[in-house]
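Q: Provided below are the primary sequence and the corresponding predicted coordinates.
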Amino acid sequence: MAKTGEPITVHPGYRFTVAIDGVERAAFLECKMPSLQVETFDLKEGGLGNFVHRLPVRVNAGSVTLKHGVTRDHALLKWYIDVLNGAIKDAMRKVTVTIYGVDHKMVERWIFDNAYPVKWSGPQLKSSEAALAIEELEIAHHGFTVET
């Protein structure tokens, strides 16, 4: 945390890389990081009953969503098809998302363990627009670490 009087540096969201074990070439246009949420159990107090205790149950770590321009390299789709065919254990990878500052130095690195795709969305194709064909991949994981 910054000391009182020191400026706080906020880093841009467009300087990032994504590395997936087993996928050699992939450039991502967007990476939506997971939301973390503590699930709670509401316990109503007895007696007067005017207070509800919210007790923590577990942390729900959401998924990572990647958007990628369609290319001739279909490694991401093949990765999803491996899961679709039931080879989940073989499809588990380490996914690393690194955020860089304006000085090109690492700000933060998120390492998602035993990650695998759970949803693939194909591109929207419209002959009336000159837009890129974008595929989307949603990735579940079994925990993560953060390096700074």
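A: Perfect, I can see it now.
Q: what comes into contact with stretch 52-69?
A: Residues from elsewhere that reach stretch 52-69 (CB atoms under 8 Å, 6 or more residues apart in numbering): 18, 26-45, 76, 95, 97, 112, 115, 118, 132-141, 143-144. For the C-beta atoms, the positions are set from N, CA and C on the backbone; glycine is no exception.
Q: please pick the buried ones from these.
A: 18, 26, 28, 31, 33-34, 76, 95, 97, 112, 115, 135-141, 144 (16 or more other CB atoms under 10 Å).
Q: what ranges does this structure have for its helices?
A: In the chain, the helices defined using DSSP state H lie at 75-84, 88-91.
Q: dump those into TSV; add mean pLDDT and distance to S128 as well.
A: Shown next, in TSV, are the helices of the chain (pLDDT from 0 to 100; distance: least, CB to CB, whole Å):
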stretch	mean pLDDT	distance to S128
helix 75-84	90	26
helix 88-91	90	37
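Q: and those as CSV, adding distance to H53?
A: Compiled in CSV, these are given as follows (distance: least, CB to CB, whole Å):
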stretch, distance to H53
helix 75-84, 40
helix 88-91, 38
